[in-house]
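[1] just coords:
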């Protein structure tokens, strides 16, 4: 690459072959903020995949996860969330039941007429191999599609059967609670809590998501920390470029990249020295240094992050080495593959189109089948890679219907928690349902899970993920008793998975 350099006053101008111009203002202080780094050509410098926002830390006065990402950090069980925006009929993924022990599930309701379901005791109405009652699309339940997709998810258009191990070693639980319909204000996404608890990737320390939001998807998070915001992925290139030095520096020889990374590391120390009187100075120094140390590791380039080069991902997602980086299957594969392989922290995808109350059941059935396929593909990939995974399916509100189709929204929400372990069949510590439905065919608002805008369902799911990692005892490090008082009987009463 030829670079023409001219200098005028205190500004050095560098013109690249592609016509772009870089300005280096010698009378400006060294870049510190995200905006300054972006404006000076470091837009994809991997510090922004690895390093929390210092301004965000100052705002919150707390630095979560203040440790250099490493392979050891990825040993926690991968966490993936599919966020169905629009309020899909999640009650047709797992049949909600009436009140039982410990605010959990008991008997089935006497009627599910508003939920597009038969009485679950009818022959062939439910499948219980995953530990929870899952509705079966048997013709008499026209609104049901999740199980169909889950069992036949493979390939670009689905249809290929899920791996047997992904069936035998998967258990499913559910949480039922109020939720505002068609809203992005429900604090029901656990991604930042999971990142704070230590799930950091080898290459991308934070989570990944499809939206530029605090959660990376539609639902919001209970506690916002800008340093834990997921990296947005709309293309395979977004992930790959996060590990590069940026277009302005990519063509430099490796020796020059090494020198640049080392110089940036030294610069960060000088910056830290200037702010050593601030409360977060030590954290600032450590985190900036951490990000730049990882930059030096990336001067050789990161490998093993492209699912198109993986034979398992190719077969499962129906992709090939030449598939477009922005196609929906490649984007999904990029997010799920890198989460399962420990290359990133927790992952999430917003799946639009859940607001399908248009008077028929067909559209909703197709959508739910698609969600089932996404879950089934993730489970099969985990099975083939020998990796455990914890998957959540969440939504904002849900739907009600009649004999012919879905007719409107309802402020009842829920989440489905799916746990796969290649080494053993997961077991339950209690009934696999938290919360319950009342006779009016809606979730109760009188349980410890709270009302529509309560974050308590998220805390319950987070506790379950911590528990399967053997870290239930760390829950109060992240969620105080003020934020979430102990439920009746203590925290373990909401533990679904043993």
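    All right, it came through fine. Owing to the predicted nature of the structure, the values given are computational and were not obtained by experimental measurement. Numbers count the residues shown, from 1 in each chain.

[2] was I right about residue 366 contacting residue 143?
    No. At 10.8 Å, residue 366 and residue 143 do not qualify as touching, with contact defined as CB atoms under 8 Å. Glycine gets a C-beta too; all of them are placed from N, C-alpha and C.

[3] So if I had to pick from those two, which one is more boxed in?
    residue 143 (24 against 13; other CB atoms under 10 Å).

[4] The more buried one falls within a strand, correct?
    No. Secondary structure of residue 143, determined by DSSP: H, G, I helix; E, B strand; the rest coil: coil, with no strand assignment.

[5] nearest residue to it other than its sequence neighbours?
    Leaving aside its sequence neighbours, residue 143 sits nearest to residue 116 (CB to CB, 6 or more residues apart in numbering; 3.1 Å).

[6] residue contacts, that neighbour?
    By CB atoms under 8 Å, 6 or more residues apart in numbering, residue 116 lies in contact with 89, 92, 141, 142, 143, 144, 361, 364, 401, 406.

[7] Identify the farthest-apart pair in those.
    141 and 406 (13.1 Å; CB to CB).

[8] what about those two, which has more around it?
    Counted by other CB under 10 Å, residue 141 and residue 406 do not tie: residue 406 has more neighbours, with 26 against 23.

[9] Might one say that residue 84 is in contact with residue 397?
    No. Counting by CB under 8 Å, residue 397 is not a contact partner of residue 84; they are 10.1 Å apart.

[10] These two: which is more packed in?
    residue 84 (28 against 24).

[11] which residues sit in contact with the more buried one?
    Applying CB under 8 Å, 6+ apart, the residues contacting residue 84 are 90, 218, 351, 354, 371, 393, 394, 395, 396.

[12] mind listing which of those are in strands?
    With DSSP state E as the criterion, strands contain 351, 393, 394, 395 from among the contacts of residue 84.

[13] Grab the nearest non-local neighbour of the last one.
    Looking back up the chat, that one is residue 395. residue 84 (4.0 Å).

[14] Can you report phi and psi for that neighbour?
    phi -90, psi 100 (degrees, to the nearest 10).

[15] what's the answer for residue 127, then?
    phi -120, psi 130.

[16] quick one: it and residue 147 touch, right?
    Yes. Checked against CB under 8 Å, the pair residue 127 and residue 147 is within contact range at 5.9 Å.

[17] what sits in contact with each of the two?
    Taking CB under 8 Å, 6+ apart as the criterion, residue 127 and residue 147 both touch 134, 135, 136.

[18] Write a PyMOL command that selects only the buried members of those.
    Entered in PyMOL, the line below selects the buried ones among the shared contacts of residue 127 and residue 147, by 16 or more other CB atoms under 10 Å:
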select buried, resi 134+135+136
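
[19] Output the shared contacts of residue 127 and residue 147 as a markdown table; include the columns pLDDT.
    As requested, the shared contacts of residue 127 and residue 147 are exported to a markdown table (pLDDT from 0 to 100):
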| residue | pLDDT |
| --- | --- |
| 134 | 97 |
| 135 | 95 |
| 136 | 94 |
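
[20] want to try CSV for the shared contacts of residue 127 and residue 147, with secondary structure as columns?
    Output for these, formatted as CSV (three-state DSSP):
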residue, secondary structure
134, strand
135, strand
136, coil
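
[21] all strands of the stretch 1-150 of the chain, in order?
    Here the stretch 1-150 of the chain has its strands, by DSSP state E, counting those that start in this stretch, at 4-8, 11-15, 21-25, 79-84, 126-127, 134-135.

[22] longest single helix anywhere in this protein?
    helix 362-385 (DSSP state H).

[23] quick revisit: which of the shared contacts of residue 127 and residue 147 sits closest to residue 494?
    residue 134 (21.4 Å).

[24] Surely the closest one is in contact with residue 95?
    Yes. With contacts counted by CB under 8 Å, residue 134 reaches residue 95, the gap being 7.3 Å.

[25] ok, back up a step: who's more crowded, residue 127 and residue 147?
    residue 147 (23 against 14).

[26] what residues are up against the residue lying closest to that one once chain neighbours are set aside?
    Setting aside the residues directly before and after it, residue 147 is nearest to residue 134 in space (CB to CB, 6+ apart), at 5.0 Å. Shown in contact with residue 134 (CB under 8 Å, 6+ apart): 93, 94, 95, 126, 127, 128, 146, 147, 172.

[27] repeat that for 7 Å
    By CB atoms under 7 Å, 6 or more residues apart in numbering, the contact set of residue 134 is 93, 94, 126, 127, 147.

[28] for residue 145, same thing?
    137, 365, 366, 368, 369, 372.

[29] what's the spacing between residue 426 and residue 155?
    27 Å (CB to CB, to the nearest Å).

[30] quick one on the thing from earlier: counting by contacts, list what the longest helix of the chain packs against.
    strand 79-84, helix 146-151, helix 164-168, helix 311-317, helix 328-340, strand 389-395, strand 412-420 (3 or more CB pairs under 7 Å, 6 or more residues apart in numbering; DSSP states H and E).

[31] Now do the second one: everything it contacts.
    Around helix 146-151, the neighbours that count as contacts under CB under 7 Å, 6+ apart are 92-93, 127, 134-137, 158, 161-162, 368-373, 375-376.

[32] Give the bridge partners for the residue nearest to residue 147, please.
    residue 127 (DSSP bridges).

[33] okay, now the domains of this protein?
    31-63+244-300, 71-242+302-494 (automatic domain parsing).

[34] Let me see the contact set for residue 469.
    76, 77.

[35] how close does it get to residue 454?
    Taken as CB to CB, the span from residue 469 to residue 454 is 24 Å.

[36] Tell me how many other residues surround residue 191.
    What residue 191 shows, counting by other CB under 10 Å, is a neighbour count of 32.

[37] do the same with residue 82
    So residue 82, with other CB under 10 Å, has 25 neighbours.

[38] And for the one 5 residues further on?
    For residue 87, the number of neighbouring residues by other CB under 10 Å comes to 27.

[39] Make sure it is actually in contact with residue 181.
    Yes. Here residue 87 reaches residue 181: they are 4.5 Å apart, a contact under CB atoms under 7 Å.

[40] Can you check which residues contact both of those two?
    With CB under 7 Å, 6+ apart as the test, residue 87 and residue 181 both reach 396, 397, 409.

[41] Now residue 397. Nearest residue, chain neighbours left out?
    residue 181 (2.7 Å).

[42] And residue 338, by the same measure?
    Nearest to residue 338 is residue 344, by CB to CB, 6+ apart, at 4.5 Å.
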